[in-house]
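Peer 1: Please work out how this folds:
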Amino acid sequence: MDALGGALGTGWRVDSHLPIALGDDSEPEPDVAIVPRDPQRYRAGHPSQPVLVVEIAESSYRVDHHYKSSVYARAGVPEYWLVDVVNDRVEVHRAPEPWSEAAVGWRYGSVVTLDRSATVTPAFAPDVTITVADLLP
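Peer 2: Numbers count the residues shown, from 1 in each chain. All right, here's what the predicted structure looks like:
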């Protein structure tokens, strides 16, 4: 949260473990969600259009990699990062697309795995660069 919040500035809200409304039957509470900073927008309900969702995986890697990524892709979340603390890396998932073999029928068409020495730029903030090491414990 600190790495993202510090890099993104005041135009974005960094939520942790708060619900996001992805549909009538889906309201997950991701480890981190980035949504536009607009308090008026969320008076009537939870944020529904995060620009980035981040899950931190230790023992939950299989669920986060296979199931949650499919849920987020189906909801049209444009970018999903999976922080794999066991293997010391971050997976960057982009380009949601239908895929019948995925858990809920959707997947990310682009998945790039980055090690601790790499940097990552959120798709929604092309002027921001974050060192992967800053996302890892």
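
Peer 1: Skipping its backbone neighbours, what lies nearest the residue positioned nearest the centre of the chain in space?
Peer 2: Nearest to the geometric centre of the chain sits residue 53, at 1.8 Å (C-alpha atoms, centre = their mean). The spatial neighbour of residue 53 that comes closest, neighbours along the chain excluded (C-beta to C-beta, 6 or more residues apart in numbering), is residue 30 at 4.6 Å. From N, CA and C alone the C-beta is placed, and that goes for glycine too.

Peer 1: So what's the residue count around the one you found?
Peer 2: Residue 30 has 25 neighbours, counted by other C-beta atoms under 10 Å.

Peer 1: ok, it - contacts?
Peer 2: 17, 20, 50, 53-55, 68, 72 (C-beta atoms under 8 Å, 6 or more residues apart in numbering).

Peer 1: Tell me the one of those residues nearest residue 35?
Peer 2: residue 50 (5.1 Å; C-beta to C-beta).

Peer 1: ok, residue 7 touching residue 130?
Peer 2: Yes: with contacts counted by C-beta atoms under 8 Å, residue 7 reaches residue 130, the gap being 5.1 Å.

Peer 1: So what pairs up with the residue nearest to the centre of the chain in the strands?
Peer 2: Residue 53 forms beta bridges with residue 33, residue 80, as assigned by DSSP bridges.

Peer 1: separation between it and residue 117?
Peer 2: In this view, residue 53 and residue 117 are 24 Å apart by C-beta to C-beta, to the nearest Å.

Peer 1: ditto for residue 104
Peer 2: In terms of C-beta to C-beta, residue 104 sits 34 Å off from residue 117.

Peer 1: Those two: which is more packed in?
Peer 2: Taking other C-beta under 10 Å, residue 104 and residue 117 do not tie; residue 104 has more neighbours (16 against 8).

Peer 1: Against residue 55, how distant is that one?
Peer 2: Residue 104 is 15 Å from residue 55, by C-beta to C-beta.

Peer 1: got it, and residue 109?
Peer 2: 19 Å.

Peer 1: Which one's more surrounded, the two?
Peer 2: Set side by side, residue 109 and residue 55 show more neighbours around residue 55, with 22 against 13, by other C-beta under 10 Å.

Peer 1: Understood, closing this out.
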